[in-house]
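Trainee: Take this sequence and fold it.
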Amino acid sequence: MSRPNPCGICLAAILLLLQAGTASAVELPEAVRSWFGTDRSIVCVDPNGNDRRCTMDDDTHVELRSSPDASTAIAFVTYLPDPTGNSTATAAAIFRAGQTGWRHLRTLTEVRNPLAGKVTFGDRTATFAVAVPRRGDSHCCPTGRKTYRIAMP
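Mentor: The predicted model follows:
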């Protein structure tokens with residue numbers, strides 16, 4: 001059985017946002033790429049161990065979740081911070097749609113683990129769970145969950 005193509009999944013998410021009536025939904029992935037490559041709290045290293053800006057490549061996985069009215073979105077980016085290893089890191093941020101496109105509102109520096117399920121948007125909040133390791137879990141496969149409830153600007 002073949003695995004779904006992550007790029008195809010992102011494209012499907014963009015199309016759903018467009019169908020929801022957000023004219024600038026296509027710009028969200030570019031806003032995420034810009035934030036990810038310039039945010040100083042997101043650090044990668046080169047093969048010599050020197051700090052460098054992170055970039056999105058084939059090993060980067062982006063998950064976008066938008067509010068029901070498609071006015072805000074949360075991006076979860078899982079990436080390889082060190083090209084010599086295989087451990088991953090996750091960064092997350094909130095974006096808002098405006099007249100001129102999507103803009104970065106806030107990096108969720110407290111979120112360092114991958115999304116584990118859906119994001120529920122409430123009145124000025126978003127709630128979601130991330131995967132965290134439990135005692136006895138291997139590094140590849142965390143079975144625990146930590147729930148975040150964050151204020152939406």
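
Trainee: what about the longest strand anywhere in the chain, average pLDDT?
Mentor: Assignment by DSSP state E gives strand 89-98 as the longest strand of the chain. Mean pLDDT, computed over strand 89-98, is 96.

Trainee: Kindly report the same for stretch 135-146.
Mentor: When pLDDT is averaged over stretch 135-146, the result is 92.

Trainee: for stretch 69-80, same thing?
Mentor: 96.

Trainee: to the chain's geometric centre, what's the distance from that stretch?
Mentor: Averaged C-alpha coordinates place stretch 69-80 at 4 Å from its chain's average position (CA atoms, centre = their mean, to the nearest Å).

Trainee: what do you get for stretch 41-56?
Mentor: Its chain's C-alpha centre and that of stretch 41-56 lie 18 Å apart, by CA atoms, centre = their mean.

Trainee: And the contacts of that stretch?
Mentor: For stretch 41-56, contacts defined as CB atoms under 8 Å, 6 or more residues apart in numbering pick out 33, 36-38, 62, 77, 79-84, 91, 107, 109. (C-beta placed from N, C-alpha, C; glycine too.)

Trainee: mind listing what's buried in that stretch?
Mentor: 42, 44, 54 (16 or more other CB atoms under 10 Å).
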